[in-house]
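> task: produce atomic coordinates for the following.
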Amino acid sequence: MRLRAALAACLTVLAATGAVVSLRPAPVHAAEDGGAPYWVSLRNSLTNMRVGPGRDYRINWVYVRAGVPLKVLRQMEGWVLVEDSEGARGWMLTQFVARKAHTGIVKGGIAEIRENKDGSGALLWRAAPGVIARIGDCSAGWCKVDIDGRQGYVRQDAVWGAGAP
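Sure, this is the predicted structure:
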């Protein structure tokens, strides 16, 4: 009961001072965020995702695998707001993500890796959901992938992180 009274008092003070309080996230504008959204991948095998842009904010997720693809939604003073393939959002230091190493993660079901860039040719192998692939050029709905040194082509819609963010 005391907490509710304290919260009501704080909101009353904020309203009296003319402060604006919003519980919804601010919209992301690409012009303000250096071209966001864009793809990045994790540099390290142990990376914290925080609820806010600072070391004082609590950790809401710990990634334990390097190369995980993420979508950058916003940038702020050395921090990026990112989203992963499962929709989890949070903040990371920019030093923990790489823009050059473009990766994707197999989503949904098993993805067939084909021999030719148009999807024709032999079936080389199948990749399970969650497999991380280095993404090459994408055209006509197919992307070149490199998975642990094995190369082939996969349907673009089978990989989260391929195409425009």
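> how does the chain divide into domains?
24-98, 103-160 (automatic domain parsing).
> redo those domains as a markdown table? Include mean pLDDT and mean neighbour count.
C-beta coordinates here come from the backbone N, C-alpha and C atoms, glycine included. Listed next are the domains of the chain as a markdown table, based on pLDDT from 0 to 100; neighbours: other C-beta atoms under 10 Å:
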| stretch | mean pLDDT | mean neighbour count |
| --- | --- | --- |
| domain 24-98 | 88 | 16 |
| domain 103-160 | 95 | 17 |
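> now the residue nearest the centre of the chain: closest residue in space, sequence neighbours ignored.
In the chain, the centroid-proximal residue (C-alpha atoms, centre = their mean) is L70; its distance is 2.2 Å. Ranked by C-beta to C-beta, 6 or more residues apart in numbering and with sequence neighbours excluded, the top spatial neighbour of L70 is V82, at 4.1 Å.
> what distance separates the helix or strand hosting the one you found from the centre of its chain?
Per DSSP states H and E, V82 falls inside strand 79-83. Strand 79-83 sits 7 Å away from the centroid of its parent chain (C-alpha atoms, centre = their mean, to the nearest Å).
> ok now the helix or strand following it, how far from the chain's centre?
On the C-terminal side of strand 79-83, the closest following helix or strand by DSSP H and E is strand 89-93. Relative to the centre of its chain, strand 89-93 is centred 9 Å away, using C-alpha atoms, centre = their mean.
> give me the residues contacting the next helix-or-strand element following strand 89-93.
The helix or strand immediately downstream of strand 89-93 is strand 97-98, counting by DSSP H and E. Outside strand 97-98, the residues that touch it by C-beta atoms under 8 Å, 6 or more residues apart in numbering are 40-43, 70, 72, 80, 82.
> leaving out sequence neighbours, find the closest residue to V131.
Closest to V131 by C-beta to C-beta, 6+ apart is V106, at 4.6 Å.
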